[in-house]
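**Student:** Predicted model and sequence follow; I will ask about them next.
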Amino acid sequence: MAEEIEKELSHLKELLVYRDGNVKLRVMLGNMIGARKEGGKWVFLKRYSICKNRHMILLKKDQKRDKCPLCGGPVQIIEETPSEDVKQQFFKLLDEQEIIEKLLAGSVTNFVEFQKFLVFVKGVGVVNSAKLLAYLFPPKFGYSVNKARKYSGLAVMFVCPKCGYYYYGGESSDGKPAVPSEEGWKCPNDGTKLVGKAARGVRYNREVKAFLLGVLAKNLKMAGGVYSGIIKSFREEVGAKHPDWPKRKAEMTAERKAVSLFLSQYFAVSLHYREGVPLSEAYKVVLGKQYDVLKNHEDFIEAPITDYYTDVKSDKYKAVFEKTIEELGINREEVITWLKRKKIIQ
Ligand SMILES: [Zn+2]
Ligand SMILES: [Zn+2]
């Protein structure tokens, strides 16, 4: 990897550590002085109950209490507001966060993955892009999304119900690879169809998993863009396929599938621009052995999905986007047809 980008990556990681530390401190201090945002403005009011045993217990906004939750005794409600000095220090931390995030915004634009893909996806933004680059920089994984999913604990573990063989992110219990087929993976020992399970007894990075499924997936959903549509569409499919599954399980499976799709596009765009590989060839590298199975699936699409096919933020970015799909050789109609089939657009 070029020295320059290696340098930029460590700069980005440094800024992220500083930014997260700043937010953590501000949230902690904010809790101590009852800071919360109301209609876009910060208000400071700390309320708690106190009983004759001096149990002090915080109250949420508008929460009422007449008995102590610890000893059941009668309580008095105390309200406190912080001094101006302390409030000023709180606002200083917020200003600092803004400054660091501007620096981060400057740093992510040095990455082609941001310029050509992430910037066009609603719900990603500067901080999530920076984290994605810091945690899962495609060249560090040899552009293999399977390696990245394995590292992040996102891969599904495929287990043979007959002999106990398992296959996880390209590794297996006995060194033999699982056999791809139309119906899914099969056991190399007895040909039984493997059953997908959550990864157990294998190592992965918990911090990255928490970011991908706890933060990124939620942000994609909240933003209401194409990826929130994709999650919804996947959830309906999963629900139809497994009517016995609890709602939460179907939702989580849909989120994991959508994040995996998003990652494979991020990796393919990265490989195309960094190594000059045509996009269709890039997907073969990114998906590895699974490519031959996935390409026959009706869901399969060899084009990065972004919000810009349906909704445009500004004319400036519209022009950048048009140039990007030309560079990538994407057939716009194919993407639109896919989005319609998935009922993401009308
Ligand atoms: Zn008490
Ligand atoms: Zn088996």
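**Tutor:** That came through fine. Ligands and ions are numbered 1, 2, ... in the order given.
**Student:** I'd like the average pLDDT over stretch 173-192.
**Tutor:** For stretch 173-192, mean pLDDT rounds to 88.
**Student:** Quick one: neighbours of Val277, just the number.
**Tutor:** As a burial measure, Val277 scores 18 neighbours (other CB atoms under 10 Å). Just so you know, the C-beta spots here come from the backbone N, C-alpha and C atoms, and that holds for glycine as well.
**Student:** How about it, nearest residue that isn't a chain neighbour?
**Tutor:** Leu271 (5.2 Å; CB to CB, 6 or more residues apart in numbering).
**Student:** Same check on Gly125?
**Tutor:** Asn219 (7.4 Å).
**Student:** For the one you found, which residues are in contact?
**Tutor:** Residues counted as contacts of Asn219 (CB atoms under 8 Å, 6 or more residues apart in numbering) are Gly123, Val124, Gly125, Asn128.
**Student:** so what's the backbone phi/psi at the closest residue to ligand 1 within the stretch 151-300 of the chain?
**Tutor:** At 34.6 Å from ligand 1, Gly214 is the closest residue in the stretch 151-300 of the chain, using CB to the ion. Per-residue torsions, Gly214: phi -90, psi -40 (degrees, to the nearest 10).
**Student:** what do you get for Gly224?
**Tutor:** Dihedral angles (degrees, to the nearest 10) for Gly224: phi 70, psi 20.
**Student:** Wait, a helix at the residue nearest to Gly125?
**Tutor:** Yes. The assignment for Asn219 is a helix, going by DSSP: H, G, I helix; E, B strand; the rest coil.
**Student:** if I look at it, how far off is Glu333?
**Tutor:** Distance, Asn219 to Glu333, by CB to CB, to the nearest Å: 29 Å.
**Student:** Now do stretch 29-39: everything it contacts.
**Tutor:** 42-47, 61, 80-82, 86-87, 89-90, 93.
**Student:** typo on my end, it should be stretch 67-78
**Tutor:** By CB under 8 Å, 6+ apart, the residues outside stretch 67-78 that reach it are 47-53, 55-57, 59, 65-66.
**Student:** quick one: which of these is nearest to Arg200?
**Tutor:** Ile57 (39.0 Å; CB to CB).
**Student:** Quick check on the closest one: phi, psi?
**Tutor:** When read as degrees, to the nearest 10, the backbone of Ile57 gives phi -130, psi 130.
**Student:** Might you report the residue contacts of it?
**Tutor:** Contacts of Ile57 by CB under 8 Å, 6+ apart are Tyr48, Ser49, Arg65, Cys68, Pro69, Leu70.
**Student:** Name only those of those that count as buried.
**Tutor:** Tyr48, Ser49, Cys68 (16 or more other CB atoms under 10 Å).
**Student:** Same list (the contacts of stretch 67-78) but as TSV, adding secondary structure.
**Tutor:** Output for the contacts of stretch 67-78, formatted as TSV (three-state DSSP):
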residue	secondary structure
Arg47	strand
Tyr48	strand
Ser49	strand
Ile50	strand
Cys51	strand
Lys52	coil
Asn53	coil
His55	coil
Met56	strand
Ile57	strand
Leu59	coil
Arg65	coil
Asp66	coil
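**Student:** same for ligand 1: which of these are within range?
**Tutor:** Cys51, Asn53, His55 (CB under 5 Å from the ion).
**Student:** So Ile328 versus ligand 1, what's the distance?
**Tutor:** To be clear, residue 328 is Leu; Ile isn't right here. Distance of Leu328 to ligand 1, given as CB to the ion, to the nearest Å: 64 Å.
**Student:** and that residue, how far is that from Leu133?
**Tutor:** 19 Å.
**Student:** With Tyr291 instead?
**Tutor:** For Tyr291 relative to Leu133 (CB to CB), the value is 24 Å.
**Student:** The two: which is more packed in?
**Tutor:** In this view Tyr291 and Leu133 are compared by other CB under 10 Å, and Leu133 has more residues nearby, 25 against 15.
**Student:** Thanks a lot, see you next time.
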